[in-house]
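Chemist: When you get a sec, could you give me coordinates for this:
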Amino acid sequence: MSGAAPSAPEQAVDKMENQVRLPDQPDVPPAYNAHFVPGPPGSIAPPHAGYPGSMPVGYYTPQQSSAFPLYQPTGSNFPVQYQPGRYPMASQSAPVVWMPGPTPMPNCPPGLEYLAQLDNIHVLQHFEPLEMVTGFETNNRYDVKNNVNQMVYFVTEDTDDFTRNTYRTLRPFVLRVTDCMGREVMTMQRPFRCTCCCFCCPSARQELEVQCPPGVTMGFVGEHWNLCRAVYSLQNEKKENVLRVHGPCLTYGCGSDSVFEVKSLDGMSTVGSVTRKWNGVLSTMADADHFDIHFSLDLDVKMKAMIFGVCFLIDFMYFERSATPPHARR
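Modeler: The predicted model follows:
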C-alpha cells in the first residue's frame, strides 16, 4: 500500500543514507587510544645564514662536504643509509670546516669581512699527480685557511687548455675566489706580457688586476724592473702606488723559505710579508706550494686583499713548475 508507514529497519537505512550524503560534514577521526607517549620537543635550530650547512636541503658545493653531517640516531643498531650521490659518505676524507661567516662591515667590500678580522692566512696549492705523469697543464686550485685550519676561501684558475699548455708559466689567467657559499667574492686577472723584449721595457713587466666585487677594479699589482730581486708595487684603483713588495736576492725557493716583505713606500716600516714555505722534495718536483701571508691586523682591508693577490703572481712567476711533456723526456 502506498500510504503505509515504513518499518523500523527501513527508517534506519534511510537515516544512514542521509548522513552519508551530507556534503558539508567534516571528516572526524575515530577515537584512537594509543599507548605512545610523546617526548619533549628537540632543541635543533637551523644554522644562521652564511654558516656552513645553511643552504637548502639537497644543495651543497664540492668543497663543502660538511654541509650534511652523518647523523646516527642514539640507541640504533642499524646504520643510516643515504641516497647515493646526494650526501657525503663516511668513507670519504675528513669534512671541510669553514670559518664562520662574519657580519657585514661598513666601508668593506662584500666578501672581504674575513680578511678584516685576520692577520695571517695560509695559501695551499692542490697537488695534481696526473699533471706530473702526463705533462698536461691543468688549472691551479688553492685552499685558503686561517691559523686554526678553517677554510676561508677557495681559489680556482679559469684558463682554457690551449692557453695553459702553450704559454705554461707565462700564461695569462683568471683566478676566481669563492667563499663557503660558493659565491665569487674576488677575481684576479693577469694579462699576457711579452718577454721577448728587454727586461726594462714596461711592456715586459707583469701585472695583476684585483677586482672586488667581480667587475669592480680594486687595485693593481705592478712589477718593477730590478737586476737581482723581485720588486712589486701595490696600487689602488687609480694605479697610485700604496705599498712596495721586496723579494729575496738571487735564488728563489732553493732549500729554504722565500720571504717577500711588504713595506711602505719610503721603506721605513714593514706592514706584512708573503713567505713561500719550503716543503722539501715536494717543492722541487711538483706544484704543491704553501704560502704564509702576514699583515697588520689594522691594515686597510683593501690592501690586505692586494697582498693576498700578489701571492699568486709570485707563485706563477717563480714557483710554478711546468710539467715536462712525455715526448720531451725521451
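Chemist: in this protein, which spans are helices?
Modeler: Secondary structure of the chain by DSSP state H: the helices cover 8-20, 113-116, 129-134, 161-167, 281-285, 301-314.
Chemist: May I see the buried residues of stretch 295-310?
Modeler: 295, 299-310 (16 or more other Cβ atoms under 10 Å). Every residue, glycine included, has its C-beta placed from N, CA and C.
Chemist: Can you tell me what sits against that stretch?
Modeler: Residues from elsewhere that reach stretch 295-310 (Cβ atoms under 8 Å, 6 or more residues apart in numbering): 108-109, 112, 115-116, 118-121, 123, 144, 186, 188, 208, 210, 212, 218-219, 221, 232, 234-236, 242-243, 245, 260, 262, 271-274, 293.
Chemist: Just give me the neighbour total for L124.
Modeler: Here the number of neighbours of L124 (other Cβ atoms under 10 Å) works out to 16.
Chemist: about what we covered before: which of the contacts of stretch 295-310 are buried, as a PyMOL select command?
Modeler: Buried subset of the contacts of stretch 295-310, written as a PyMOL selection, criterion 16+ other Cβ under 10 Å:
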select buried, resi 108+109+112+115+116+118+119+121+123+144+186+188+208+210+212+218+219+221+232+234+235+236+243+245+260+262+271+272+273+274+293
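Chemist: mind listing which of the contacts of stretch 295-310 are in strands?
Modeler: Among the contacts of stretch 295-310, the ones falling in strands (DSSP state E) are 120-121, 123, 144, 186, 188, 208, 210, 218-219, 221, 232, 234-236, 242-243, 245, 260, 262, 271-274, 293.
Chemist: what stretches of the protein score poorly on pLDDT?
Modeler: Judged by pLDDT under 70, the chain has its weakly predicted residues at 1-94, 195-204, 250-254, 280-287, 321-330.
Chemist: change it to 50
Modeler: Residue ranges of the chain with pLDDT under 50: 1, 13, 19-23, 25-26, 29-39, 42-92, 325-330.
Chemist: wait, doesn't F192 sit right on T166?
Modeler: No - between F192 and T166 there is no contact under Cβ atoms under 8 Å: 10.7 Å.
Chemist: returning to that earlier point: out of the buried residues of stretch 295-310, which one sits closest to L227?
Modeler: V310 (20.2 Å; Cβ to Cβ).
Chemist: any idea how far L118 is from the closest one?
Modeler: Here V310 is placed at a distance of 17 Å from L118 (Cβ to Cβ, to the nearest Å).
Chemist: How about A288?
Modeler: Relative to L118, and taking Cβ to Cβ, A288 is found at 23 Å.
Chemist: can you put the buried residues of stretch 295-310 in TSV and add distance to C180?
Modeler: What follows is the buried residues of stretch 295-310, written out as TSV (distance: Cβ to Cβ, whole Å):
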residue	distance to C180
F295	22
L299	23
D300	24
V301	18
K302	22
M303	24
K304	19
A305	18
M306	23
I307	22
F308	17
G309	20
V310	24
